[in-house]
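Trainee: just a sequence and a predicted model for now, questions to come.
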2 protein chains.
Amino acid sequence: MNQSIQTLDVKIPALDESNYAITIGRDFLADIWTYIRAQWPKCMPFIVTDAELVKAGHLKTLLGSEKVPTYVIDPPGETSKHIRTVVAIIETMEKHFFGRDSLIIALGGGTVGDIAGFAAAIFKRGVPVVQIPTTTVSQADSSVGGKTGVDSSISKNAFGAFWQPAAVYIDVGTLSTLDDRQFRAGLVESVKHAAIADADYFAFLEQNIDAICQKDMSMLEHIALTNCRIKASVVGEDPTEKNKRRILNYGHTMGHAVESASEFKLLHGESVAIGMIAAGKIEAALGWVRDDRLERIESLLEKLRMPTRIPAELQKNTLLELLRTDKKAIGRWPRFILLESLGTTLCQDGQWAHKVSQDIVEQCLEQIY
Amino acid sequence: MNQSIQTLDVKIPALDESNYAITIGRDFLADIWTYIRAQWPKCMPFIVTDAELVKAGHLKTLLGSEKVPTYVIDPPGETSKHIRTVVAIIETMEKHFFGRDSLIIALGGGTVGDIAGFAAAIFKRGVPVVQIPTTTVSQADSSVGGKTGVDSSISKNAFGAFWQPAAVYIDVGTLSTLDDRQFRAGLVESVKHAAIADADYFAFLEQNIDAICQKDMSMLEHIALTNCRIKASVVGEDPTEKNKRRILNYGHTMGHAVESASEFKLLHGESVAIGMIAAGKIEAALGWVRDDRLERIESLLEKLRMPTRIPAELQKNTLLELLRTDKKAIGRWPRFILLESLGTTLCQDGQWAHKVSQDIVEQCLEQIY
């Protein structure tokens, strides 16, 4: 037996840098179709939206008299964020003879964007996707950054890919039809962006929270632009979340545990609000707080009518067990994103996610029931 | 209504270049596990293979006494190359608590590699995959280069992603259990590599074809190495097939049509053999042939006992219609990869895929029935 073994090294060059534009305005949904057709004249457009958006009239506004093959996700929301929906979308596209020159357009909230973005990532090894987010949470967060994914029958976000959008169009006018609880909960991502990256933005939110909650369109345009600027800057530095992108997870480690423990009765933003308070308590316990930031964050979240305490029915042990099985846990315990000051995330020895002992987390949890 | 619209440009930086090693030898399958564990000590390994490989004893040779969670594709072959198999693999991994630190190991032929590679591309936004190809076609072609994908219920390769392997291990000893027809058909990819890129390699194949067909292990090691060197060089220049990578499609445009028309009764390599003859006839019709290359290609394919004529039962019109709906067709007609000389692919004005009129293709088809 000859055991001579030879090795060949394969070098795959870096892919080119990519660019896309986020266009932000109000009541321009009816014009977006013209922009899309002008930018991709040779692509075949396919729309993914959901029953709620159709009912609100947004699909009709987008298309005018155009007829475009469309997949309407029904029921809207988390239960449809499943691999079977992606398979149904792609098989629908194939029945309409869509090929590699397809352009998928996602009109809707975070769920629509996640499903359509993932379908675009895997159809024929990838086709472009245009995101038209219509909720506060998707306009602030999920439409930008390229994270896409859906659930399996076993767990959440089992399937996914990094797939940057080809363009994002944000019409804050679409928020007028969003129900108030969803609207407010989605604003928590704005508070998060301000807390981790921009103290002036935090002060702006404090000063204008009433006008924002009354859906003042100029205010909504300003916060959409600021959110996208902050998120795009973080994602541009670390698109595949090797390190710095983790700061976007501020408030989310405990937030995800609370959201799961509530069996999704608490909205994502409501859960993250509690998670931000938990992070503040951890910062205080570790002796890193010499300012009034926790009070300011708590006060702003209360004005958004967000919960800032863990509901009594969620058991502490359940939360601790959920933290142990967090998808980003290392050795069965997650790391936490913490603030250095309002507007600045704590970074130690080049690391943005921090080890915090289970004892400290447990003590902090007990303080916020 | 305020129609002021603002635009923000997002820059996603180029991802780093990536590298992986192809290790080639004979009868070292039993050692590969040690190499893998040494390279990825912190990853949880999960194996994807098929019932044929298990029966041939290769899974047992790879693992020795190790117990590793494994998904066995059954039945082996094309019918299992479907999105439902990928979903089943990922749900199996989740039931075994696999997470982002998973390492998928694909042990098998092209189908196993395609399925496992695609599962790796989309599980939790991507985990590494090690390819251990066990057939002539996968050792020459599909295990290197990062194309992965599976079929939908409507069409072939509807789902897919570019996902480079983390490592490739080629043990030519595994070819000893491959049936003769599959073994010979897989060698057509070697003839293709020689024809498009390396005249000396073509001469080597001519001189040693008998020893190769008798599975002389030194010969098989040499051709595995040469195939990977040629393919890796082309893929390294153009990983996502914007232009030059298309040369790997030589013989494949007509080959795919013949394969489909035969309802997959002809093997991929057998169909590509006919496609290479068709390409040669087109080159001759266009006046680009001043040598004996077509005779040499035909003679070599005949020594491999490949068909070089279209079976009479495949209708010319069926083939023409399949060409029109080729996945790479532009305006309902595909482009063809042609040789400039033996070992050199024709490139005109920077383009590697060439327009050829339907008349010429039809005439050439008639010559090879």
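Mentor: Sure, I can see it.

Trainee: from here on, just use CA atoms for contacts and neighbour counts.
Mentor: Noted.

Trainee: does the residue of the stretch 201-350 of chain A found nearest chain B count as helix, strand or coil?
Mentor: Going by CA to the nearest CA, chain B is nearest to A:Gly236 of the stretch 201-350 of chain A, at 4.9 Å. Under DSSP: H, G, I helix; E, B strand; the rest coil, A:Gly236 falls in the helix class.

Trainee: any stretches of chain A with poor pLDDT?
Mentor: Across chain A, the ranges flagged by pLDDT under 70 are A:1-3.

Trainee: the residue most central in space within it and A:Phe28, how far apart?
Mentor: With distances taken as CA atoms, centre = their mean, A:Ser142 lies nearest the centre of chain A, 3.0 Å away. Counting by CA to CA, to the nearest Å, the gap from A:Ser142 to A:Phe28 is 21 Å.

Trainee: got it, and A:Ile105?
Mentor: Distance from A:Ile105 to A:Phe28, by CA to CA: 16 Å.

Trainee: more crowded one of the two?
Mentor: Applying other CA atoms under 10 Å in any protein chain shown to A:Ile105 and A:Phe28 shows that A:Ile105 carries more neighbours, namely 27 against 22.

Trainee: what residues sit buried inside stretch A:74-89?
Mentor: A:Pro76, A:Ser80, A:Lys81, A:His82, A:Ile83, A:Arg84, A:Thr85, A:Val86, A:Val87, A:Ile89 (16 or more other CA atoms under 10 Å in any protein chain shown).

Trainee: the last one reaches A:Thr70, doesn't it?
Mentor: Looking back up the chat, that one is A:Ile89. No: judged on CA atoms under 8 Å, A:Ile89 makes no contact with A:Thr70 at a distance of 9.1 Å.

Trainee: could I get the full set of strands for the stretch 1-150 of chain A?
Mentor: Using DSSP state E, counting those that start in this stretch, the strands of the stretch 1-150 of chain A run over A:6-12, A:18-25, A:44-50, A:70-73, A:102-108, A:129-133, A:147-150.

Trainee: get me the contact residues on the stretch 51-200 of chain A for chain B.
Mentor: A:87, A:90-91, A:94-95, A:99-100, A:121-126, A:149, A:152-155, A:157-162 (CA under 8 Å from any CA of the partner chain).

Trainee: now do 7 Å
Mentor: Within the stretch 51-200 of chain A, the positions adjacent to chain B are A:91, A:94, A:122-126, A:152, A:154, A:157-162 by CA under 7 Å from any CA of the partner chain.

Trainee: helices - which of these land there?
Mentor: Per DSSP state H, helices hold the following members of those: A:Glu91, A:Glu94, A:Ile122.

Trainee: the last one is in contact with B:Phe162, isn't it?
Mentor: Translated: A:Ile122. No: counting by CA atoms under 7 Å, A:Ile122 does not reach B:Phe162; the two are 9.2 Å apart.

Trainee: for the stretch 101-250 of chain A, which segments count as helices?
Mentor: All helices of the stretch 101-250 of chain A, identified by DSSP state H, counting those that start in this stretch, fall at A:110-122, A:136-137, A:180-186, A:188-197, A:199-213, A:217-237.

Trainee: of these, flag the one that's most buried.
Mentor: helix A:110-122 (a mean of 29; mean count of other CA atoms under 10 Å in any protein chain shown).

Trainee: in terms of secondary structure, what does it contact?
Mentor: strand A:44-50, helix A:83-95, strand A:102-108, strand A:129-133, strand A:147-150, strand A:159-162, strand B:159-162 (3 or more CA pairs under 7 Å, 6 or more residues apart in numbering or on different chains; DSSP states H and E).

Trainee: any residues touching that helix, and which ones?
Mentor: Residues from elsewhere that reach helix A:110-122 (CA atoms under 7 Å, 6 or more residues apart in numbering or on different chains): A:48-50, A:77-78, A:81, A:86, A:90, A:104, A:106, A:126-129, A:131, A:137-138, A:142-143, A:148-150, A:160-161, A:163, B:159-161.

Trainee: for the stretch 201-350 of chain A, what lies in contact range of chain B?
Mentor: A:Ala232, A:Gly236, A:Pro239.

Trainee: list the contacts for the residue nearest to the second one when sequence neighbours are not counted?
Mentor: Using CA to CA, 6 or more residues apart in numbering or on different chains and skipping residues adjacent in sequence, the residue nearest A:Gly236 is B:Ile12, 4.9 Å away. Under the criterion of CA under 7 Å, 6+ apart, the contact list for B:Ile12 reads A:Glu17, A:Ser18, A:Asn19, A:Gly236, A:Pro239.

Trainee: roughly how far apart are B:Ile12 and A:Pro165?
Mentor: 11 Å.

Trainee: check A:Thr240 too.
Mentor: A:Thr240 is 14 Å from A:Pro165, by CA to CA.

Trainee: so between those two, which is more surrounded?
Mentor: Per other CA under 10 Å, whichever of A:Thr240 and A:Pro165 has more neighbours is A:Pro165, with 28 against 18.

Trainee: that one reaches A:Gly146, doesn't it?
Mentor: Yes: taking CA under 7 Å as the definition, A:Pro165 is a contact partner of A:Gly146 at 6.3 Å.

Trainee: present the helices and strands packed on helix A:110-122 as JSON lines; the columns should include distance to A:His354.
Mentor: Shown next, in JSON lines, are the helices and strands packed on helix A:110-122 (distance: least, CA to CA, whole Å):
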{"stretch": "strand A:44-50", "distance to A:His354": "38"}
{"stretch": "helix A:83-95", "distance to A:His354": "33"}
{"stretch": "strand A:102-108", "distance to A:His354": "35"}
{"stretch": "strand A:129-133", "distance to A:His354": "32"}
{"stretch": "strand A:147-150", "distance to A:His354": "23"}
{"stretch": "strand A:159-162", "distance to A:His354": "24"}
{"stretch": "strand B:159-162", "distance to A:His354": "33"}
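
Trainee: A:Ile282: which of the ones you listed is closest?
Mentor: Comparison of the helices and strands packed on helix A:110-122 against A:Ile282 by CA to CA identifies strand A:147-150 as nearest, at 28.1 Å.

Trainee: gap between that closest one and the chain center?
Mentor: In terms of CA atoms, centre = their mean, to the nearest Å, the centre of strand A:147-150 is set 10 Å apart from its chain centre.

Trainee: name the surrounding residues that touch it.
Mentor: A:81-83, A:114-115, A:117-118, A:156-163.

Trainee: do the same with stretch A:169-179
Mentor: Under CA under 7 Å, 6+ apart, the answer for stretch A:169-179 is A:22-29, A:56, A:131-135, A:139, A:217, A:220-221.

Trainee: identify the farthest-apart pair in the buried residues of stretch A:74-89.
Mentor: For the buried residues of stretch A:74-89, and using CA to CA, no pair is farther apart than A:Pro76 and A:Val87, which are 16.5 Å apart.

Trainee: export the strands of the stretch 1-150 of chain A to a markdown table and tack on distance to B:Ile196?
Mentor: Putting the strands of the stretch 1-150 of chain A into a markdown table (distance: least, CA to CA, whole Å) gives the following:
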| stretch | distance to B:Ile196 |
| --- | --- |
| strand A:6-12 | 19 |
| strand A:18-25 | 32 |
| strand A:44-50 | 34 |
| strand A:70-73 | 43 |
| strand A:102-108 | 31 |
| strand A:129-133 | 35 |
| strand A:147-150 | 39 |
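
Trainee: show me which residues of stretch A:254-274 are buried.
Mentor: Residues of stretch A:254-274 classed as buried under the neighbour-count rule (16+ other CA under 10 Å) are A:254-262, A:266-274.
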